[in-house]
Structure formats: C-alpha cells, structure tokens
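> Sequence and predicted model, in that order:
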There are 2 protein chains.
Amino acid sequence: MTASTRIRLTPDERRAQLLDLGVRLLADRSLDELSIDLLAEEAGISRGLLYHYFGNKHAFHEAVVRRAVDDLVAQTAPQPDAGDPLATLAASMTAYVDYVEANHAGYVSLVKGAQGGNETLRAIYDEARGVLTDRIFTEDAQADLIPDTPAIRLLVRGWAAMAEELVLSWVADPAGVSRAELLQLLASSLPALVEGATA
Amino acid sequence: MTASTRIRLTPDERRAQLLDLGVRLLADRSLDELSIDLLAEEAGISRGLLYHYFGNKHAFHEAVVRRAVDDLVAQTAPQPDAGDPLATLAASMTAYVDYVEANHAGYVSLVKGAQGGNETLRAIYDEARGVLTDRIFTEDAQADLIPDTPAIRLLVRGWAAMAEELVLSWVADPAGVSRAELLQLLASSLPALVEGATA
DNA sequence: CCACTCTATTGACGTTTGTTCAATAACGCC
DNA sequence: GGCGTTATTGAACAAACGTCAATAGAGTGG
C-alpha cells in the first residue's frame, strides 16, 4: 500500500512475529487453507523469507503448534500455594477451562488438530499431554492418592482425553450445564475413576 | 503396464472402488501427502474421473472418512442377544477393541484425524460418536442405570473420548497392561463415573 | 449383425501454490 | 561516511489441483 521501505528485524523478532501471526491465522483455517502468499502478505514480507526461517510449510506448522502448546502449558502452570491436593487439582482444571474458553478456535484447530497430523505433530501433542498429566502425579501422588502402575497411568491418560472432550464440548454448547457443574465433573471424575479401578 | 483397454464400470462400482482405495491409501498418509496422480494411477483411471465422481479432493476425503466411519459403526453393532446391560456394554467394548486393533492406522488417520479437520469432517466424527454413545443410553438406560440429564450426557461423551484414548494408547503400547485389564478398565469406568457424578 | 445413443472416461490445458536461489539493500561498525 | 554482514527480496521452477470438450465402451433397437 504505502511506501514500503524494507523493514529489517532481528531473527528472533521475525520468528516471533511469524509464529504469532501463524497462531492467529491457523486458528480458523486449516494448514492447506492457508497459502504462503496470504501469510507473507499479512506479515508484510516476501514468501521467500518464510522459507528462510522455517524451511517449508510443514515445519512452519509444527513450529506454530509447538508455540501454541507451549502457551497452553505455561498458562495452566500450577501455582504452588495450595495445600490440599484436591484443591490443587481443582485449580488446575479451572485454569484449563479458562484457557480453552479464551482460545477456543485456536485450541481446536492447533492443539487438537495436531492429533490428526503427521508423526511429529502427534509427538508434540503427546508431549504436552504428558506434561499436563505428569503434574497430576507429581502433585497428587505425593499424598499417595494415586498409585503409579501401568494401568493407572493409562487410566489417567484416558482421563485427560475425557477432560479435554468435556471442556471442548461444554464450550461449544454449555446448554444445561453450569460452569460450576463442569468443574465439579472434571475434579470428581479422576478420583472416581481411580477408586473404581483399584477396587 | 499391459494393454490397457479402457474399463467401464457402473457409477456405483467405481465409487465403491475409489472409496475402498481411498481408505487404504489414507490409512498411512495424510490428505496432502496423497496426490490425485498417485490415487488415479493406483486405481487405474485418469485424474479427471475422480473429479467427475467427487468434485474435489476435500469432498473425496470426506466421503472416505464417512465410509470408514460407517464401517466402524457397522462392525461394532451390538448383538441383541445379551441380557445383562453390563454384559452388553462389555461386548460392545470388546467389539470396539477388536476393530481398533484390526484397523489401527486407518482409525487414527481417518476417524480420529477427522477431529482436526474442517467443520464437515468434525460433524461426521461427532455423528459417529453420537451413534456409539446413544447405544449406551438405549441399551443400558432401560435398566435405569444411567439417568439422562445434560450433565450425564456430557459425561458419557467424555467417557467415549476416554475409551478411545485408552484403546488407542494401549494398542500403540500395551506394555504392562493385559487385554483383559484394558477391557476391565473400559467397562468399569462408565459406572464409576456415573456413580461418582450422581453422588 | 450393424448402426446408434447414452454416458463413463479420458487427456490436454490453465491456474494456483509450494520451493529454490542468486541478487539486493538495511543496519551496525570502524 | 564508506564498508561488510546478513536479513530480505523477487523471479523462476516444478508439482499438483481442477476444468472441459472430445472419446470410446456397452447396451439397444432395427
């Protein structure tokens, strides 16, 4: 549009700009609905520069997903003040619901969408889920509430999938279920499952 | 290769052939890793014919996913012989585990991958999950084991996501958990959740 | 048995889009 | 104020998507 004197950023700044833009654009578009053309125009750069920084389109996608996942992990980091492990769990779930509510489209498209992607994307997703569930073990297991066996590990993993589904489904259509009820479901389900499995 | 006299099938036969081939090819490839060129060559047809039948690549993908999902629903259809609702549930889960074991790659790539796709793909996936979970209600609810409230509906939906995760995760790495234990987890988790939520 | 019609099928063409690479110009430094 | 480093460009290539008028297989009626 206006006079476009070439703007030169440091590599870190440019990477950050492109990743932020990628998160924004890929929130309501799938990867192949996003052309490098559009991305470059939106960022005010040439197509070639994207390849200089990320190599190819898929690598860019992976970097964006990693970025989104890191955000999720950071913003749901547990605060070490609570004493009661159940209260800690409840706080974690609240933070998680907050995050999904604030980033609904992006969560579905980027985080969840990673499951259907290639090996690398699934690995990123798995790693994130691993971090989230490990918190459960390191925080709650200290109180010996949750035994650490292969079957229970598997069950907790399943519980995490359930939690994701509950929140996404509720955000998409909250009809008939209050936020408090949702949080209650999330927090009570883990003990219920563990007790049901060990009994 | 050999003399290729143009083979002319009925539209139904051709559609079926292409969908079958699509299921096979998309089991270990993502959509954009599959070129129409390869598909056409593999099917022994020209590229144009695919567009004649499906319009565009995405519509083809959707049709393939719908096909895979229909297979899943059909092959896990409950047998109306069992009496005890808990036994029926156990039978359903066994059929489900059988299916996922036999179609691991395809399940992940097609069924699960649909979650990360566009609106239409997610609708197909949701519809399939709806059919699967509705079975729970129509079969088990008759015995009044499961009350039908919005919160419980949501919970059952979450349980379905958990079941999927458990099975996929177990198939990917069964270390430390026997098949019987898995089935036990699957079958016992639903009652445990419902009881935990209604208490 | 031949011509004829219907329609499944082709193949060439235009266009979009991912990717490469040598050339260019902005910024810091002497 | 010139100079070198390197972030950045833009043109050129290739692969793949999608379109459409032309083609030919298969049944049908004479």
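That came through fine.

> Now do A:A197 against B:A199, distance only.
17 Å (C-beta to C-beta, to the nearest Å). Yep, even glycine has a C-beta here, placed from its N, CA and C like the rest.

> between these two, who's got more neighbours?
It is A:A197, of A:A197 and B:A199, that has more neighbours when counted by other C-beta atoms under 10 Å in any protein chain shown, with 19 against 7.

> Could you pull out the helices in chain A for me?
Along chain A, counting by DSSP state H, helices occupy A:11-25, A:36-43, A:47-54, A:57-75, A:85-102, A:104-106, A:119-140, A:150-172, A:179-198.

> Please report the number of neighbouring residues for A:E164.
Using other C-beta under 10 Å, A:E164 has 21 other residues around it.

> The lowest-mean-pLDDT helix or strand in chain A packs against which elements?
Every helix and strand of chain A was ranked by mean pLDDT, DSSP states H and E. The lowest is helix A:119-140, at a mean of 88. If contacts are counted by 3 or more C-beta pairs under 8 Å, 6 or more residues apart in numbering or on different chains; DSSP states H and E, helix A:119-140 sits against helix A:57-75, helix A:85-102, helix A:150-172.

> tell me what the second one is packed against?
For helix A:85-102, the contact count by 3+ C-beta pairs under 8 Å, 6+ apart identifies helix A:57-75, helix A:119-140, helix A:150-172, helix A:179-198 as packing neighbours.

> Where among those is average confidence lowest?
Lowest mean pLDDT within the helices and strands packed on helix A:85-102: helix A:119-140, at a mean of 88.

> Outside of that one itself, which residues are in contact with it?
By C-beta atoms under 8 Å, 6 or more residues apart in numbering or on different chains, the surrounding residues in contact with helix A:119-140 are A:61-62, A:65-66, A:69, A:72-73, A:76, A:78, A:85-86, A:88-89, A:92, A:96, A:111, A:114-115, A:146, A:148, A:156-157, A:160, A:190.

> filter those to the buried ones?
A:61-62, A:65-66, A:69, A:72-73, A:76, A:85, A:88-89, A:92, A:96, A:111, A:114-115, A:146, A:156-157, A:160, A:190 (16 or more other C-beta atoms under 10 Å in any protein chain shown).

> wait, A:E195 sits on B:A192?
Yes. Using C-beta atoms under 8 Å, A:E195 is in contact with B:A192, at 7.1 Å.

> So for those two, which residue has more residues nearby?
Set A:E195 next to B:A192 and count neighbours by other C-beta under 10 Å: B:A192 wins out with 21 against 13.

> which ones are touching the more buried one?
Neighbouring residues of B:A192 by C-beta under 8 Å, 6+ apart: A:A192, A:L193, A:E195, A:G196, A:A197.

> which one of those residues sits closest to A:G106?
Nearest to A:G106 out of the contacts of B:A192 is A:L193 (C-beta to C-beta; 28.8 Å).

> For the closest residue to A:I36 other than its chain neighbours, give me its contacts.
Spatial nearest neighbour of A:I36, chain neighbours left out: A:R47 (5.0 Å); criterion: C-beta to C-beta, 6 or more residues apart in numbering or on different chains. Contact analysis of A:R47 by C-beta under 8 Å, 6+ apart lists A:I36, A:D37, A:A40.
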